[in-house]
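> fold the following for me, if possible:
(2 chains)
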Amino acid sequence: DQQVKQNSPSLSVQEGRISILNCDYTNSMFDYFLWYKKYPAEGPTFLISISSIKDKNEDGRFTVFLNKSAKHLSLHIVPSQPGDSAVYFCAASDSNYQLIWGAGTKLIIKP
Amino acid sequence: NAGVMQNPRHLVRRRGQEARLRCSPMKGHSHVYWYRQLPEEGLKFMVYLQKENIIDESGMPKERFSAEFPKEGPSILRIQQVVRGDSAAYFCASSPSGANQPQHFGDGTRLSIL
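Okay, the predicted model is just below:
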């Protein structure tokens, strides 16, 4: 049973445009959400997180939006840069230390 | 991913051998987590440890797998009598405290079973 789903295996975006990565979850007990970026042969790198008491968190070019009623979150990257090409993972927890991960979305930034 | 150090980066074992994966957390972090990633999948939680204590090993197979985080030295994930299905990338993460904190990851150990 996949509690965290990233339905788009890949996404291609023009450099300079906005990248929007989506994530859906089924467990209403999740209260903490994170986005990680991963390059091949490296470990995941933490990007940004959001608590369920908020609906938006921003850090530089990265903004995460949380829609609790829809059990949906998204990561916006503006403007997209070539170095953003990577696999992006959404993860969630329920006041717990266990992170439940989506399968990832491969983002390709075209020059 | 500077900070969390995992070694070796690549490990090749034959079926039936033992695999030992090491993880040194970031300085100041006393919470360590091990995850496994199979190809085309997300990471799967295996075990959560604090110094000298296993807090949660619910994601770890009951047989052949064990983990420790001694008072001194790195955390060790040990796989005895490895089988082909153990081939995966094993990631270690650390955090300064437990719940609702970003976990910071090492670059992983890629285990290949011949």
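
> hmm, stretch B:22-32 touching chain A?
Yes. Judged by CB under 8 Å from any CB of the partner chain, stretch B:22-32 comes into contact with chain A through B:His31. C-beta here means a position set from N, CA and C on the backbone, and glycine is covered the same way.

> ok, which stretches of chain B are strands?
Applying DSSP state E to chain B gives strands spanning B:5-7, B:10-13, B:19-24, B:31-37, B:43-50, B:53-56, B:65-68, B:75-79, B:88-95, B:104-105, B:109-113.

> now do chain A
Going by DSSP E, chain A shows strands at A:4-5, A:10-14, A:19-25, A:32-38, A:45-51, A:56-59, A:62-67, A:72-77, A:86-93, A:100-101, A:105-110.

> can you list these in CSV and add distance to B:Gly108, mean neighbour count and mean pLDDT?
As requested, the strands of chain A are exported to CSV (distance: least, CB to CB, whole Å; neighbours: other CB atoms under 10 Å in any protein chain shown; pLDDT from 0 to 100):
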stretch, distance to B:Gly108, mean neighbour count, mean pLDDT
strand A:4-5, 20, 20, 95
strand A:10-14, 22, 14, 97
strand A:19-25, 22, 21, 98
strand A:32-38, 10, 23, 96
strand A:45-51, 12, 17, 96
strand A:56-59, 25, 12, 98
strand A:62-67, 23, 18, 98
strand A:72-77, 22, 19, 98
strand A:86-93, 13, 24, 95
strand A:100-101, 14, 22, 92
strand A:105-110, 18, 17, 97
